[in-house]
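**Q** Sequence and predicted structure below; questions after.
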Amino acid sequence: MPNDRERTRFTPLVTPNGSGRSGSGRSSYRSRSSRTTARSRTSSRQTQTVRGKRTGRVIRKKSNEPKIYAFSNRGEANFNIIAVTILLMVFGVVMVTSSSYYYAYTTIGDSLYFFRRQMIWLVVGLIAMLLVMALARMDWIRKWSLVIYLASIFFCILVLLIGNSVNGSTRWLGIGDFITFQPSEFAKMAVVLYVSHLVDLHREDITKIQTFILLLAVIAVPAGLVAIENLTSGIIIAAVGVLIMYMGGVSYKHLLMAVVAGGVVIGLFLLAPLIVPSLKEYTYRLLRVQAWLDPFQYALDDGYQTVQSLYAVGSGGFFGRGLGQSIQKLGFIPEAYNDIIFAIICEEMGLFGAALVVLLFGIFTWNGVKVSLSAPDRFSSFVCAGFVGQISLQAILNIAVNTNLIPTTGVSLPFISYGGSSMLFLMASVGLILNISSYNTKTKSKTA
């Protein structure tokens, strides 16, 4: 039977018993006194003092896990992630204002309508990020991961029954126009947390088919519910779940089976309206694929948005037309401040602005991977990698849609596109990444 290092493709710097990895060039010999000191430290970490309820006597109770996430053990959070996130958010507010003022003025009568709403959600998101970064503890979150997962499934079912329909899609729950949220965003976070818990819990039997089926079922339920109204978000949930499974050490053969099964399921989602007449309302997905293959042939209907997006991307040149000078946002691209905002960035700021956005997301991903590799335990490592993978994949898909590399989908550009609940859950995810980075073993060693 392979050991943990051989079985797991991802090993954090600190092993589950709280001890660090030994360097390859260091000697494994330790003196008797050092071994005794290490044992005493470990035992003291694993022993907690409690007081009996009836007698009031002090009882020493052993704990299986060290108190890694005590607030006293915290160091500094990753500054690069904080800086990049704030830069992306500020850049997003500027671009949302630039791309929405004409539409807001002609339809609502207030050119700064979307700017004010985006600023409100930016402040709320920053508060959520800071609160999660400062107060959350991963051991507490792990205990509640199942409850969070079940709550996400409940909301995903609820939105299918009584959800608000916008532009023909039922994806929102809420009261009125402002207090709304997308359960799919909550489901993304819940799946990362619970699948990370299960993968760590089943580390000993991660290569067994029973464990693989269990993990796949846990991912498939929320992903399938979300995919009914938003296929791309369902794919993102499934992809991030499979990423965590891969990091945990599942069999390559099982992963290949999952990828093939996922391809079949996506094909059925696309072809279902042709097979079942009662699902005609979902024919738009297949039409989007046809428009993606030849958008100019469908330029007046299903390929209209793609064609206008390509016009915006192609007309920007190297430095663009200038901030606020976009032509395609003047009624040609519907809701240019939303999913197609990257095309407006290309038109107004050119290749330079587009490259800057890609660079910022690259810096975010690189630093997120470093935090994940230096996390204090496996669970937090998987959680960090899951959130970083989700944000990076969503950015890649949005940019690919704007440049017609993949069919048109309803996926926003993280931190930049207009949105409320997506901003809130994104910032909470970043807060957890920063929280994990503050317990980073490398960070603590530097500050010490």
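**A** Sure thing, it's come through.
**Q** Would you point out which residue is most central in the chain?
**A** The centroid of the chain falls nearest to residue 390 when counting by CA atoms, centre = their mean (3.3 Å).
**Q** How about the contacts made by it?
**A** 188, 192, 236, 240, 429 (CB atoms under 8 Å, 6 or more residues apart in numbering). Backbone N, C-alpha and C define where each C-beta goes, glycine included.
**Q** so where does residue 180 fall, helix or strand?
**A** Counting by DSSP states H and E, the element that carries residue 180 is strand 179-181.
**Q** and what of residue 173?
**A** Assigned by DSSP H and E, residue 173 belongs to strand 169-175.
**Q** Mind checking the pLDDT average for that strand?
**A** The average pLDDT within strand 169-175 is 67.
**Q** now stretch 297-314
**A** 87.
**Q** what does it rub up against?
**A** With CB under 8 Å, 6+ apart as the criterion, stretch 297-314 contacts 284, 287-288, 290-292, 294-296, 326-328, 332-334, 340, 343-344, 346-347, 401-404, 408.
**Q** let's see it at 7 Å
**A** When contacts are defined by CB atoms under 7 Å, 6 or more residues apart in numbering, stretch 297-314 is touched by residues 287-288, 290-292, 295-296, 326, 328, 332-334, 340, 343-344, 346-347, 402-404, 408.
**Q** What residues sit buried inside the host helix or strand of residue 292?
**A** Using DSSP H and E, residue 292 sits within helix 284-293. Neighbour counts over helix 284-293 (16 or more other CB atoms under 10 Å) mark 285, 286, 287, 288, 291, 292 as buried.
**Q** mind exporting the next helix or strand after that helix as CSV, just the C-alpha atoms?
**A** Later in the chain than helix 284-293, the nearest helix or strand by DSSP H and E is helix 304-314. C-alpha atoms of helix 304-314 as CSV (Å, rounded to 0.1, in the frame of the first residue of the first chain):
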residue,chain,number,x,y,z
TYR,A,304,-25.1,39.0,-32.9
GLN,A,305,-23.4,39.4,-29.5
THR,A,306,-20.4,37.5,-30.7
VAL,A,307,-20.0,39.6,-33.8
GLN,A,308,-20.3,42.9,-31.9
SER,A,309,-17.8,41.6,-29.4
LEU,A,310,-15.3,40.7,-32.1
TYR,A,311,-15.8,44.2,-33.6
ALA,A,312,-14.9,45.7,-30.2
VAL,A,313,-11.9,43.5,-29.7
GLY,A,314,-10.5,44.1,-33.2
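**Q** Now do helix 304-314: distance to the chain's middle.
**A** Taking CA atoms, centre = their mean, to the nearest Å, one finds the center of helix 304-314 at 27 Å from the center of the full chain.
**Q** what's the angle between the helix or strand just after that helix and helix 304-314?
**A** Of the helices and strands lying after helix 304-314 in sequence (DSSP H and E), the nearest is helix 341-373. The directions of helix 341-373 and helix 304-314 differ by 80 degrees, with axes from the mean of the first three to the mean of the last three CA atoms, to 10 degrees as the criterion.
**Q** so how far is the helix or strand following helix 341-373 off the chain centroid?
**A** Using DSSP H and E, the next helix or strand after helix 341-373 towards the C-terminus is helix 378-402. Centroid separation for helix 378-402 versus its chain: 5 Å, with CA atoms, centre = their mean.
**Q** Only the buried residues of helix 378-402, if you could.
**A** 378-399, 401-402.
**Q** all helices of the stretch 151-300 of the chain, in order?
**A** Secondary structure of the stretch 151-300 of the chain, counting by DSSP state H, counting those that start in this stretch: helices at 183-201, 209-227, 231-248, 252-275, 284-293.
**Q** Could you identify which of those is most buried?
**A** Comparing the helices of the stretch 151-300 of the chain by mean neighbour count (mean count of other CB atoms under 10 Å), helix 183-201 ranks first with a mean of 25.
**Q** could you give the angle of that helix to helix 231-248?
**A** Going by the same axes, to 10 degrees, helix 183-201 is angled at 10 degrees with respect to helix 231-248.
**Q** For the protein, name the helix or strand with the lowest mean pLDDT.
**A** Ranked by mean pLDDT, DSSP states H and E, the weakest helix or strand in the chain is helix 32-45, scoring a mean of 40.
**Q** got the contact list for residue 232?
**A** By CB under 7 Å, 6+ apart, the residues touching residue 232 are 397, 409, 410, 411.
**Q** Between all of those residues, which two are at the greatest distance?
**A** Pairwise distances across the contacts of residue 232 peak at 10.3 Å for 397 and 410 (criterion: CB to CB).
**Q** got a pLDDT number for the closest residue in space to residue 395 that isn't next to it in sequence?
**A** In space, not counting the residues next to it along the chain, residue 395 is nearest to residue 361; the distance is 4.8 Å by CB to CB, 6 or more residues apart in numbering. Note on residue 361: pLDDT of 97.
**Q** cool, residue 421 as well?
**A** pLDDT, residue 421: 78.
**Q** what do you get for residue 285?
**A** Note for residue 285: predicted pLDDT of 74.
**Q** Pretty sure residue 230 is one of the things it touches, is it not?
**A** No - counting by CB atoms under 7 Å, residue 285 does not reach residue 230; the two are 10.8 Å apart.
**Q** which residue sits closest to residue 141 in space, ignoring its chain neighbours?
**A** residue 193 (6.3 Å).
**Q** Quick check: the one you found vs residue 120, distance?
**A** Computed as CB to CB, to the nearest Å, the residue 193 to residue 120 distance reads 27 Å.
**Q** just residue 265 next, same as before
**A** From residue 265 to residue 120 the distance is 38 Å (CB to CB).
**Q** again, but for residue 132
**A** 19 Å.
**Q** which stretches of the stretch 1-150 of the chain have low pLDDT?
**A** Low-confidence segments of the stretch 1-150 of the chain (pLDDT under 70): 1-72.
**Q** And the helices in it, which stretches?
**A** So, for the stretch 1-150 of the chain - with DSSP H, counting those that start in this stretch - the helices run 4-7, 32-45, 79-107, 113-135, 138-143, 145-162.
**Q** Of all those helices, which one is nearest residue 437?
**A** Relative to residue 437, the nearest member of these by CB to CB is helix 79-107, separated by 6.9 Å.
**Q** what angle separates that closest one from helix 341-373?
**A** Using the same axes, to 10 degrees: helix 79-107 against helix 341-373 is 160 degrees.
**Q** How far does helix 79-107 sit from its chain's centre?
**A** For helix 79-107 - counting by CA atoms, centre = their mean - the centre lies 19 Å from the chain centre.
**Q** now for it, which elements pack on it?
**A** Applying 3 or more CB pairs under 7 Å, 6 or more residues apart in numbering; DSSP states H and E, one finds that helix 79-107 contacts helix 113-135, helix 341-373, helix 421-438.
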